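**Student:** coordinates for the following, if possible.
(2 chains)
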Amino acid sequence: MATVDETMDTRSAQAARAAQAGRSQIAETVNAGLGRRYRSERRFRAYGILAIVLALGMLATLFVTIIGKGYTAFWQHSLSLEVALPADVIDPQGTRDPAVLANANYLALVRDALQAQFPEVDSRQERRSLFAMLSDSAPYDLQDAVLDNPDAIGGTIKVRLSLDDDFDMLAKGHMDADLPEASRRLNDNQVQWFQALEQRGMVEAHFNTALFTNGDSRQAESAGILGAVVGSLFVVAVTLALSFPIGVATAVYLEEFAPKNRFTDLIEVNINNLAAVPSIVFGLLGLAVFLQFFGLPRSAPLVGGLVLTLMTLPTIIIASRAALKSVPPSIREAALGLGASKLQMILHHVLPLAMPGMLTGTIIGMAQALGESAPLLMIGMVAFVVDIPNGPLDPATVLPVQIFLWADSPERAFVERTSAAIMVLLAFLIFMNAAAVWLRKRFERRW
Amino acid sequence: MQTSPSAETPTEAPATAGFPLVSQGEGAKIAARDVNVFYGDKQALRNIALDIKANEVTSFIGPSGCGKSTFLRCLNRMNDIIDGCRVTGTINLDEEDIYHRRIDVVQLRARIGMVFQKPNPFPKSIYENVAYGPRIHGLARNKTDLDEIVHTSLERAGLLGEVKDRMDQPGTGLSGGQQQRLCIARAIAVNPEVILMDEPCSALDPIATAKIEELIDELRQNYTIVIVTHSMQQAARVSQRTAFFHLGNLVECNDTEQIFTNPQHKLTQGYITGRFG
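**Tutor:** Down below sits the predicted model:
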């Protein structure tokens, strides 16, 4: 009996020793692999940091380039001149009738005022290159001043006259006066005259209000983005008014009511595919359907909004369905268990909980629509539109298309305006994304 | 307020719809006969025949996956919302087949309330949680009525003392046990005839559980209660009748005392003595 016990004892001791040996073996193996595991983890983290640094670097480059090129567009130079206002030229009858005042020959007056600064300039050719200094809108600056202040007629008035964009560039230092005459847009005389005016303190810099109050123009100095901003607002308003209700209704129906069968599967696949369709295809569709078939006006924000609605609907539907799916089933059961009808359950409980997600999806869709240009080219919103649109049926263009148009223009002044317009567009987009974040925080509820 | 007929249609109208097929036992509030439930091709319940008596607590026990929750959800047709779920047989509430075409689920669920496994208050104020049911059914004529209903419901659920100073606070901010009592208050605010409870204490600590059990015992005076539980002690403590389910079959249904002291079936005995489960 004792021997049996002993053998048992030895056996269990052996087993314990073997287990011990096995454990230390395992510990060694684990230790051997640890270094490799940690190294791969460190490597992975380094890749991640590298990716973020790269992305941030590119973003910084983008901002630095755009702001560096565009910040000068926010101010502009003008010529401050004392202009004589002989009564016999402006208002021979002395009626002070605005209609008469508006028809006077202000061009001659501003030219005379400029000529007075340089009495030595007399040849026809020289005079022409001197007068090139004034913008085409300079006579209107004088006209506005006279209409504002009719008492000055007969005496003189100090007016701020718009400079031609080339001289504005010269004043901002964007034109190198040391280059040979043949390779710059202004000749030696013009540069000298301008520098003389600068020395006499007649060139003033001021905030470029024209950029924000004017529509597009062939003259860079009077080109503004207001027309494009208003056009964009109309387009986005139409898009929002159509795509949010349609998108949410579609998502609710598909998620909550639709039977799960092949047909709804097909619809789902198609919605997901539509989200990936190139936007210009929607433009072609809009051209064929809205313009050709329904005969809606070309270049109208209404049509732009319709086309962008088609484009943003899949985004909104997908985001809304995801938001609906994420509402916990326990809340649905609670409502149904109390005897709420399906519609009451959806309206009272599911939609409020899904709303932050839906709004986020919608705002992202709107931001996408605001930045879209390709489909709008197809429906004629690429036209050169000077007037500020008054409604969604007026011809208009939108900010991205305006940027596209200006980027096409060779003048240096349009280059800086392109960047300025990009800054404005980015500001809108950042504002919309901030709104999305705020809305999400505002409506988010814990459960 | 009578809501529009729900989109949920009975999954299958039983052949005997409308006729009390089997005579109900004395005082039976709910009588189920030949109930079969299928999830797709899989049969979850087989030929269940069970009477639930009024003003009693009936508990369903059995190992996981035995179908007790499924059967509970048949009683207020919560299975309707599950895709591919099919119920056959008859379940009579006061001699009326609840799966009949004439029966509106909205009305049915107003008569048979439910409390779920996980406390699921709405992400709204405590007041709104309780007021929601009466409001959608139009049970209160005015604000005073509604206040009255909310207060009595909370009082009956034993929660009024704890929350009366913060009725406008979110219901989700309460502790787990309080949330579950809020859910009970929400269910009884509609003044249902039957309250179904699906493992109401499984997410709660022992103290909160004791409170709920006490509450169940009090509620028995006014309501018929059906409770699914995993705890046999709980079944023994709160219920007057116990039904034991196993693999989709109703093995045994009897007075709780009988089941726990003198089970008629070997499976029941095995389960309550802890030999399997």
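**Student:** run through the helices of chain B in chain order.
**Tutor:** Counting by DSSP state H, chain B has helices at residues B:68-75, B:105-111, B:126-137, B:143-156, B:160-163, B:176-188, B:206-219, B:232-238, B:256-261, B:266-272.
**Student:** in terms of secondary structure, what does the third one contact?
**Tutor:** Right, helix B:126-137. When contacts are defined as 3 or more C-beta pairs under 8 Å, 6 or more residues apart in numbering or on different chains; DSSP states H and E, helix B:126-137 packs onto helix B:143-156, helix B:176-188. C-beta: built from backbone N, CA, C; applies to glycine.
**Student:** what pLDDT, on average, does the first one get?
**Tutor:** Averaging the model's pLDDT scores along helix B:143-156 yields 92.
**Student:** could you give the angle of that helix to helix B:126-137?
**Tutor:** 120 degrees (axes from the mean of the first three to the mean of the last three C-alpha atoms, to 10 degrees).
**Student:** tell me how far helix B:143-156 is from the chain's mean position?
**Tutor:** 22 Å (C-alpha atoms, centre = their mean, to the nearest Å).
**Student:** is chain A within reach of that helix?
**Tutor:** No - with C-beta under 8 Å from any C-beta of the partner chain as the criterion, chain A is not reached by helix B:143-156; the gap is at least 12.0 Å.
**Student:** what's the separation between the residue of chain B positioned farthest from its centre and residue B:174?
**Tutor:** For chain B, the largest distance from the centre (C-alpha atoms, centre = their mean) belongs to residue B:165, which lies 29.9 Å off. Counting by C-beta to C-beta, to the nearest Å, the gap between residue B:165 and residue B:174 amounts to 13 Å.
**Student:** which residue is the nearest non-sequential neighbour of residue A:274?
**Tutor:** residue A:314 (4.3 Å; C-beta to C-beta, 6 or more residues apart in numbering or on different chains).
**Student:** for the record, mean pLDDT for the helix or strand containing the one you found?
**Tutor:** Residue A:314 belongs to helix A:301-325 when elements are defined using DSSP states H and E. Computed over helix A:301-325, the mean pLDDT rounds to 94.
**Student:** hang on, the earlier thing: quick one, phi psi at the residue farthest from the centre of chain B?
**Tutor:** When read as degrees, to the nearest 10, the backbone of residue B:165 gives phi -90, psi -10.
**Student:** hey, which of the helices and strands packed on helix B:126-137 is tucked in deepest?
**Tutor:** helix B:176-188 (a mean of 25; mean count of other C-beta atoms under 10 Å in any protein chain shown).
**Student:** secondary structure class of the nearest residue to residue A:307 once chain neighbours are set aside, three-state.
**Tutor:** Leaving aside its sequence neighbours, residue A:307 sits nearest to residue A:286 (C-beta to C-beta, 6+ apart; 3.6 Å). With DSSP: H, G, I helix; E, B strand; the rest coil as the basis, residue A:286 sits in helix.
**Student:** report how many residues lie close to residue A:286.
**Tutor:** 24 (other C-beta atoms under 10 Å in any protein chain shown).
**Student:** contacting residues around it?
**Tutor:** Neighbour list for residue A:286: A:303, A:306-307, A:310, A:375, A:378-379 [criterion: C-beta atoms under 8 Å, 6 or more residues apart in numbering or on different chains].
**Student:** same question for residue B:132.
**Tutor:** If you count contacts by C-beta under 8 Å, 6+ apart, then residue B:132 has A:335, A:338, A:340, A:348, B:122, B:124, B:186 around it.
**Student:** change it to 7 Å
**Tutor:** By C-beta atoms under 7 Å, 6 or more residues apart in numbering or on different chains, residue B:132 lies in contact with A:338, B:122, B:186.
**Student:** just curious, which of those residues is nearest to residue B:138?
**Tutor:** residue A:338 (13.3 Å; C-beta to C-beta).
**Student:** the closest one reaches residue B:191, doesn't it?
**Tutor:** No - Residue A:338 is beyond contact range of residue B:191, at 11.8 Å (criterion: C-beta atoms under 7 Å).
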